[in-house]
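K.L.:
sequence below, structure please.
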Amino acid sequence: MTKRQLATLLAEKTGYSAVLVSHVVQAAMDTLTDVLVQSGRLEWRDLGTFKVKTYPARAIHNPATGETITLAPRQWVGFKPAKKIRSRLTGPGKKKAAGKAAGKAAKPAKAAAKAAAKPAAKGAKRK
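P.N.:
Residues are numbered from 1 along each chain as shown. Predicted coordinates:
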């Protein structure tokens, strides 16, 4: 969803003009950005937490020239949704633990199938 689409949707829901809502949305974005720049963290109840994270400086290797280059530290904004949002995204009755348990149960089955396929493949090559 773009900022314009958000402003239009809010204008329809509130009954205010699209121009006014567009200015409010822009002011809110500017304020959120200012807060993140100043404090590095913004918590919005029932929505989530925005947090500025930093990648440290690191050395990389250019394979074409063989030159080693040092990249400067970089910052980015991470977002962790609130429980209310997470539960709406995953849907009713779905649990994270069930997904992990299913994945763990599938690993031994995959390993067994892979092990069973190896001797058959080796035997086929020898013939």
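
K.L.:
CA atoms for contacts and neighbours, from now on please.
P.N.:
Noted.

K.L.:
got any ranges where the chain has weak pLDDT?
P.N.:
Counting by pLDDT under 70, the ranges of the chain that qualify are 93-127.

K.L.:
kindly recompute the last result at 50.
P.N.:
Scanning the chain for pLDDT under 50 picks out 126-127.

K.L.:
domains in it, by residue range?
P.N.:
Annotated domains of the chain cover 1-39, 41-82, 95-127 [automatic domain parsing].

K.L.:
JSON lines for these, including distance to residue 88 and mean neighbour count?
P.N.:
Listed next are the domains of the chain as JSON lines, based on distance: least, C-alpha to C-alpha, whole Å; neighbours: other C-alpha atoms under 10 Å:
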{"stretch": "domain 1-39", "distance to residue 88": "18", "mean neighbour count": "13"}
{"stretch": "domain 41-82", "distance to residue 88": "10", "mean neighbour count": "12"}
{"stretch": "domain 95-127", "distance to residue 88": "12", "mean neighbour count": "10"}
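
K.L.:
who wins for proximity to residue 89 among those?
P.N.:
Taking C-alpha to C-alpha, domain 41-82 is the member of the domains of the chain nearest to residue 89, at 9.9 Å.

K.L.:
ok so, going back, okay, the domains of the chain in JSON lines with distance to residue 89 next?
P.N.:
JSON lines is the format used below for the domains of the chain (distance: least, C-alpha to C-alpha, whole Å):
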{"stretch": "domain 1-39", "distance to residue 89": "16"}
{"stretch": "domain 41-82", "distance to residue 89": "10"}
{"stretch": "domain 95-127", "distance to residue 89": "11"}
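
K.L.:
the helices in this structure, which residues?
P.N.:
3-14, 18-39, 83-90, 96-126 (DSSP state H).

K.L.:
residue 75 reaches residue 57, doesn't it?
P.N.:
No. Using C-alpha atoms under 8 Å as the test, residue 75 is too far from residue 57 to be in contact (10.6 Å).

K.L.:
tell me the spacing between the nearest residue to residue 50 once chain neighbours are set aside and residue 4.
P.N.:
In space, residue 50 comes closest to residue 79 once its chain neighbours are excluded; the distance is 4.6 Å by C-alpha to C-alpha, 6 or more residues apart in numbering. Distance of residue 79 to residue 4, given as C-alpha to C-alpha, to the nearest Å: 22 Å.
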